[in-house]
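Asks: Got a sequence here, can you build the structure:
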Amino acid sequence: MTRGFTFLIAAMALTAGAAAAAPEFPVSHRAVYEITAAPDVTGNVSGASGLEAMEWRLDCEGGSLFQRTALSVAFDDGGEYESDARITAWEAADASRMRFTTTLQTAGEQTEEISGFAQRANDGQVEIMYSEPEHQTRELAPSTFFPWQYVRSIFNAARAGETGVSAEVLRGTLPEIDPAKVRTQILSKTELTAEMLDGATGAARLTGEVGWRFATAVFEEPSVPFPRFEISETGTGDGVRVQAKMRFADLTLHLQLRALENLPAPVCD
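Replies: Numbering: from 1, shown residues only. This is a model prediction of the structure:
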């Protein structure tokens, strides 16, 4: 449960752009999501609840993500698991550089931290320098995507009428399971209704907009033929997530937008 949920968050953080101009996707915004458990839990999990707060800010060279997710899981035997996961990441619009820190606390104690910096050379080769959990350097193939780069490729494919995308994505998680193979199906366009927004503060402007539905599978281990987890979600054309469903082996979580605030766009020369 600990690893799966932590790495799921990192995977959702989540088109090459020109660094000389302000990036335009996604729109800079803050959002708060309510997390609930689906009724189809299996195993010894009886329920879950939590909140996720995220802030996405664009600047003149790239974009920053700040995300905090608090989750409480109840078990049939009366036990509980509580976690507080925090992500801080920055990625260049041209996918040349990426900084990331992911911290997970359980029961108020820090249990995991992953921190590092990735840089893409002129030939596309990616070098990662980790400072946590220990100092090490790795090299990845030029075909490796960064998270924001991958998300933009999904929306570009959707606009072009394609059915999906697939790539090895560096997510900023533990080195032994990063990058992961990520496969996304572009399901359909959908109109955002008042029921979908469910009275979310500041989100009334989204009613009637056309969004996209996606389904993503994340494969963390090459030798395992099934995904570690799956995500289905609905997002606006400018990159605001409205709803999401996260499926683990023993638990399905729903994320529902509860508050949305637009943030100023960068002004660049």
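Asks: backbone phi and psi for Gly237, please?
Replies: Dihedral angles of Gly237 (phi, psi; degrees, to the nearest 10) stand at phi -70, psi -20.
Asks: scratch that, Leu192 is what I was asking about
Replies: Dihedral pair for Leu192: phi -80, psi 120, per degrees, to the nearest 10.
Asks: got it, and the one 5 residues further on?
Replies: In terms of degrees, to the nearest 10, the main-chain angles of Leu197 are phi -80, psi -20.
Asks: mind checking how far the residue lying closest to it once chain neighbours are set aside is from Lys245?
Replies: Counting by C-beta to C-beta, 6 or more residues apart in numbering, Leu197 lies nearest to Ala203, which is 4.8 Å off, once chain neighbours are set aside. From N, CA and C alone the C-beta is placed, and that goes for glycine too. As judged by C-beta to C-beta, to the nearest Å, Ala203 and Lys245 stand 18 Å apart.
Asks: Show me which of these two is the more surrounded one.
Replies: Taking neighbours as other C-beta atoms under 10 Å, Ala203 and Lys245 compare with Ala203 leading, 22 against 16.
Asks: how close does the more buried one sit to Glu127?
Replies: Computed as C-beta to C-beta, the Ala203 to Glu127 distance reads 40 Å.
Asks: same thing with Leu253?
Replies: Distance from Leu253 to Glu127, by C-beta to C-beta: 34 Å.
Asks: Neighbour count: these two, which is higher?
Replies: Leu253 (24 against 13).
Asks: Residues touching the stretch of helix or strand that one belongs to, excluding its own?
Replies: Taking DSSP states H and E as the criterion, Leu253 maps to strand 252-262. Defining contact as C-beta atoms under 8 Å, 6 or more residues apart in numbering, one finds that strand 252-262 is touched by 27-38, 40-41, 48, 52, 71, 197-198, 200-203, 206, 233, 240-246.
Asks: Narrow those residues to just the buried residues.
Replies: Among the contacts of strand 252-262, those scoring as buried are 28-35, 37, 41, 48, 52, 71, 197, 200, 202-203, 206, 233, 240-246 (criterion: 16 or more other C-beta atoms under 10 Å).
Asks: what about the strands in the stretch 51-200 of the chain?
Replies: Using DSSP state E, counting those that start in this stretch, the strands of the stretch 51-200 of the chain run over 62-75, 80-92, 97-106, 109-120, 126-132, 136-140, 164-169, 180-191.
Asks: Can you read off the pLDDT for Glu221?
Replies: pLDDT, Glu221: 82.
Asks: Give me the spatial nearest neighbour of Leu170, chain neighbours excluded.
Replies: The shortest distance from Leu170 to any non-neighbouring residue, by C-beta to C-beta, 6+ apart, is to Pro179 (4.5 Å).
Asks: rewinding a little: now the strand holding Leu253 against strand 62-75, angle please.
Replies: Interaxial angle of strand 252-262 relative to strand 62-75 (axes from the mean of the first three to the mean of the last three C-alpha atoms, to 10 degrees): 140 degrees.
Asks: For this structure, name the helix or strand with the lowest mean pLDDT.
Replies: Within the chain, confidence by mean pLDDT, DSSP states H and E is lowest for helix 2-11 among all helices and strands, at a mean of 46.
Asks: can you give me the helices in the stretch 151-269 of the chain?
Replies: Along the stretch 151-269 of the chain, counting by DSSP state H, counting those that start in this stretch, helices occupy 194-197.
Asks: burial of Arg152, as a residue count?
Replies: Residue neighbour count, defined by other C-beta under 10 Å, stands at 22 for Arg152.
Asks: so it makes contact with Phe25?
Replies: Yes. Under the criterion of C-beta atoms under 8 Å, Arg152 makes contact with Phe25 at 6.1 Å.
Asks: thinking again about what came up before, show the contacting residues for the residue nearest to Leu197.
Replies: 197, 242, 257, 259-260.
Asks: what are the phi and psi angles of it?
Replies: Backbone torsions of Ala203, given as degrees, to the nearest 10, read phi -110, psi 10.
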